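Enquirer: From the sequence below, what's the structure:
(one chain, ligands or ions: 1)
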Amino acid sequence: MTTYTLPELQRPPAAEPATVYTVASGDLRPAANVTCWPTQEKLEGDLATALGDLGWKVRRGHAVDEAKGHGFIDSQRAGIEVFKHIPKDAPLIVVEAVWQYSHHVLAGLRDHRGPILVVANWSGEFPGLVGLLNLAGSLTKAGRDYAVLWSADFTDDWARESLRGWLETGTLTHDTSHVRPLPPLSGADPETALGVALARQLREEKAIIGVFDEGCMGMYNAIIDDEFLNPLGVYKERLSQSALVAEMKKVSDEEAQQVRAWLDRAGLTFHTGTDEATELTDAQLHSQFKMYIAAVRIADDFGLDAVGIQYQQGLKDTVPASDLAEGLLNNVQRPPVRSRDGVRELYAGAPLPHFNEVDEGVAVDSLVTNRIWTAMGLDPATTLHDIRWGEEYDGRFVWVFEISGSVPASHNGGYDKSYSMRQPPMFFPLGGGTLSGVSKPGEIVWSRVFLMDGGLHADLGRATSVELPEEETRRRLDATNHQWPIMHAVLHGVTRDQFMARHRANHLNVAYAPDAATADKALRAKAALFAELGVEVHLCGDVAVQP
Ligand SMILES: C[C@H](O)[C@@H](O)[C@@H](O)C(=O)CO
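Expert: Residues are numbered from 1 along each chain as shown. Below is the predicted model of the structure:
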């Protein structure tokens, strides 16, 4: 008999019959949650109508907070509290019309015993599809079963039939027949030999990725544990964003002005104004140039091979956006940065691959892409994009790939075809400019490194970045975030729904090749490299891997 007072566990209520529970994970930034709330309400209404028509009731797992002005779960703690009141065996739908932080709901979802469905609205307005894909990647890494579904407004037959199937069986299987394992490659093939040699070099000689504040924007899928990275030869240098700010303070005004002058000469257009709250100002840019120099110096101090600045938490309340620095780092031609004593030019004539939002899947990918493309004499500039949205154009499905801030200028065809606009205030209170443009037409290799079934995987595919008429580009930019860089991408042999069903991340990597045959070769080298490192390679869609 104990004299201790033992905690009594709170028991969640029993599931009500024919009732689906819903939750909505949001941003950590109040401005984003409040701004996006009406769109979320509309999606939840559309979904409730569809579920009602199928004979199911909807019970929202948490109330709308009138004082906050939204109904999102906006922290991990809030999510844990919400899930205490959700019947563990009930069917549960995570409804997403916005960008969300997956860790807000991950604790509850890990323990939930009933079937889980993640849905998003097929809309570019706010990044709901991006939110869904991040949560999908995070649940995949966590090893939790779930299903995914998307629809413009849940009135279409496909979405309704899919919902019915999920409600009846708790599962939903999409067509992923476009994915196949990498066949054995011939060692006599020069690209295969290159990939294998670069893999061995990486594993033996090792590389360091600099990680400024890992994981604080909730992308659980983007954290790749050392146990998975180290066997590839990749090691993390864990850095603090406060060190970046400290280093920025040491950069002289004159050095920052030299970066500005270089970019002005290169033809980058800055859309500036004077209102700090809503416009891009010279002062914000000046701070961003200091960040660029500071990041390169810290990278040099630690001998980094790639670097990632997370920005969204902490730094967003301290200095203007990191994006402009990120776009510069990823480009071969960029303003020179010298060591503090002025003696050495750092990383001269080469990009220092930057992985936006500290997505470590992108880090590995960018690192190896940089090495393969450089060895093949190609432009090694690579970037991630958000899988933001897409629509048919002229009989083809054209994706809107749109990173939330910057791409290397070469992807836009050069600095003179690129521009910098103020980051949207709801996400970026202190402003800062982008490095934007419309990605040039051309052949690309796309890829994603991700964790699944307790191991590292890589999906590889081919695509074409296509040119669309100016009005269509404008329409797509206006339907999403017009400040951000856009790529009009047509995937080879992968339908919209196949891609959505399979992709395990909100991001994918892209790199250009001068023509289709060279892109196929580069993809082959990449496949060989990953396979040699023990990463499970999957080919997606029409990919020619035999020379
Ligand atoms: C600014 C936004 O929150 C973005 O960070 C979001 O849409 C993403 O880019 C997620 O990859």
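Enquirer: alpha carbons only for contacts and neighbour counts from here, please
Expert: Fine.
Enquirer: in the stretch 251-400 of the chain, which spans are helices?
Expert: Ranges of helices in the stretch 251-400 of the chain, per DSSP state H, counting those that start in this stretch, are 253-266, 282-302, 323-329, 360-375.
Enquirer: what's the answer for the stretch 1-150 of the chain, then?
Expert: 30-53, 76-83, 103-111, 128-142.
Enquirer: Looking at those helices, spot the one closest to the ligand.
Expert: Among these, helix 128-142 comes nearest to the ligand, with 6.2 Å by Cα to the nearest ligand atom.
Enquirer: So Pro320 sits against Pro425, correct?
Expert: No: look at Pro320 against Pro425 with Cα atoms under 8 Å: they stay out of range, at 10.8 Å.
Enquirer: overlap in contacts of these two?
Expert: Gly431 (Cα atoms under 8 Å, 6 or more residues apart in numbering).
Enquirer: Which one's more surrounded, those two?
Expert: Neighbour totals were compared for Pro320 and Pro425, and Pro320 leads with 26 against 16 (other Cα atoms under 10 Å).
Enquirer: Next one: Leu47 from Ala152, what distance?
Expert: Leu47 sits 10 Å away from Ala152, going by Cα to Cα, to the nearest Å.
Enquirer: again with Val343
Expert: 57 Å.
Enquirer: got the residues of the stretch 351-500 of the chain near the ligand?
Expert: 386, 403-404, 427 (Cα under 6 Å from any ligand atom).
Enquirer: Out of those residues, list just those in helices.
Expert: When those are checked against helices (DSSP state H), there are no matches.
Enquirer: how about the closest residue to Arg474 other than its chain neighbours, secondary structure?
Expert: Distance criterion Cα to Cα, 6 or more residues apart in numbering; nearest residue to Arg474, sequence neighbours excluded, is His482 at 7.9 Å. Using DSSP: H, G, I helix; E, B strand; the rest coil, the structure places His482 in coil.
Enquirer: quick one: average confidence on stretch 178-198?
Expert: For stretch 178-198, the mean per-residue pLDDT is 96.
Enquirer: Please apply the same query to stretch 484-499.
Expert: Computed over stretch 484-499, the average pLDDT equals 98.
Enquirer: before we move on, what about stretch 438-447?
Expert: On average, stretch 438-447 scores 98.
Enquirer: switch to numbering from 45
Expert: OK, 45 is where the count begins now, so the last one is stretch 482-491.
Enquirer: Is Thr199 within a helix or a strand, and which one?
Expert: Here Thr199, judged by DSSP states H and E, is contained in no helix and no strand.
Enquirer: which residues does it contact?
Expert: Here Thr199 is in contact with 90, 94 (Cα under 8 Å, 6+ apart).
Enquirer: Let's see that with 7 Å instead.
Expert: Residues near Thr199 by Cα atoms under 7 Å, 6 or more residues apart in numbering: Ala94.
Enquirer: try Thr316
Expert: 323-326.
Enquirer: repeat that for 6 Å
Expert: 324-325 (Cα atoms under 6 Å, 6 or more residues apart in numbering).
Enquirer: buried ones in stretch 423-433?
Expert: Using 16 or more other Cα atoms under 10 Å as the test for burial, stretch 423-433 gives 423-433.
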